[in-house]
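K.L.:
Got a predicted structure here, sequence first:
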Amino acid sequence: MIDVQEATIYLIRHGATGWNQTGRYLGHTNEPILEESYPVIDKLKTVADSLENPIVTSSDLLRCTQTASRLFPDTAIHFDHRLREMNFGDWEGKTKEDLKQNPDFDTWLYSFHESTIPNGEGAAEFSNRVLGWWTEYANRPDLLESSHVIVAHGGVIRVLMTHLTGTGLETFWDWRIPHGTAIRLTLTKQQDDYLASDWIRLP
C-alpha cells in the first residue's frame, strides 16, 4: 500500500488598503489596511477558528501583519520578509493609466514570465525569492502534522499557485484572489516537493 503524504495549507491575501482601492501599485510601501476591509477579513474567522494550533506565517509588511493578527489574535505569528509583494520599483504608487504607454508595463501584463520592472524586481527574480522561501518551508518536519497558514500578497500567492499546481509563471494572471479571501490547498508529496491535489476558495 502506498503511503500518501499530504499537507494542508491556507493562502490568505491581506485586507485592502487605500492604494489598493485607488488602483495604485503597492509593493514594499508599508500601508495599513482600511477599517472598511475588516468585515471582509472577518468572513474568514470561522475558518481560522476551526484550525487547531495552526502554524501562521506572514509577510512582515503591515497590511499582512494586521490581517494575520486579526484572524489569529491568540496565535504566535512568524514573519518573513521573503513573503513581501513584488518590488515595483519605478512603478510604485502608479496606476495602469500612468503606465499604459510603457512597453515594459505591456510586457508585464501580457507576458509576465518575461517581464522586468525598472529599479524593481523582474518576474524571475520575484519568483526565485518566493520559491526560495517555499523550498525551505516545504522541508519543515511539521508540514504534514499541522495546518499551515500563509498571509501574504496577491503576487506572492499567484507565484505559489503557479508552482503548486504545476502550471508555470505563464499562468500568473489566471490566478485571481480578492483581498481578504483565501485558498485552501491539499498538497501531495511528489519526490522533493509538493503539488496541489485539490484546492478551494474561501470563504
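P.N.:
Alright, I've got the coordinates.
K.L.:
can we go C-alpha only for contacts and neighbour counts from here?
P.N.:
Will do.
K.L.:
where in this structure is pLDDT low?
P.N.:
Applying pLDDT under 70 to the chain picks out residues 1-4.
K.L.:
All the strands of it, residue numbers only.
P.N.:
Assigned by DSSP state E, the chain shows strands spanning 6-13, 55-59, 77-80, 147-152, 182-190, 193-202.
K.L.:
Which of those strands sits closest to residue 136?
P.N.:
Nearest to residue 136 among the strands of the chain is strand 193-202; the distance by C-alpha to C-alpha comes to 10.3 Å.
K.L.:
ok, back up a step: I'd like the strands of the chain laid out as CSV, including mean neighbour count and distance to residue 69.
P.N.:
Formatted as CSV, the strands of the chain follow (neighbours: other C-alpha atoms under 10 Å; distance: least, C-alpha to C-alpha, whole Å):
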stretch, mean neighbour count, distance to residue 69
strand 6-13, 23, 12
strand 55-59, 22, 10
strand 77-80, 16, 8
strand 147-152, 23, 10
strand 182-190, 19, 15
strand 193-202, 15, 18
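K.L.:
which residues touch the residue nearest the centre of the chain?
P.N.:
Central residue check for the chain by C-alpha atoms, centre = their mean: the C-alpha nearest the mean position is that of residue 157, 2.8 Å away. Counting by C-alpha atoms under 8 Å, 6 or more residues apart in numbering, residue 157 makes contact with 11, 13.
K.L.:
returning to that earlier point: kindly reformat the strands of the chain as a markdown table containing distance to residue 169.
P.N.:
Converted to a markdown table, the strands of the chain look like this (distance: least, C-alpha to C-alpha, whole Å):
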| stretch | distance to residue 169 |
| --- | --- |
| strand 6-13 | 18 |
| strand 55-59 | 21 |
| strand 77-80 | 22 |
| strand 147-152 | 18 |
| strand 182-190 | 18 |
| strand 193-202 | 15 |
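K.L.:
so how far does stretch 111-119 reach from one end to the other?
P.N.:
Length of stretch 111-119, first residue to last, C-alpha to C-alpha, to the nearest Å: 19 Å.
K.L.:
Dump the top helix by length along the chain to CSV, restricted to CA.
P.N.:
Among the segments of the chain that qualify as a helix by DSSP state H, the longest is helix 123-137. Output in CSV follows, covering the C-alpha atoms of helix 123-137 (Å, rounded to 0.1, in the frame of the first residue of the first chain):
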residue,chain,number,x,y,z
ALA,A,123,9.3,38.1,-12.8
ALA,A,124,12.2,35.6,-12.5
GLU,A,125,13.8,37.5,-9.5
PHE,A,126,10.5,37.7,-7.7
SER,A,127,9.6,34.1,-8.3
ASN,A,128,13.0,32.9,-7.2
ARG,A,129,12.6,34.9,-3.9
VAL,A,130,9.2,33.4,-3.2
LEU,A,131,10.0,29.9,-4.2
GLY,A,132,13.3,30.0,-2.3
TRP,A,133,11.2,30.6,0.8
TRP,A,134,8.8,27.8,-0.2
THR,A,135,11.6,25.2,-0.8
GLU,A,136,12.8,25.9,2.7
TYR,A,137,9.3,25.8,4.1
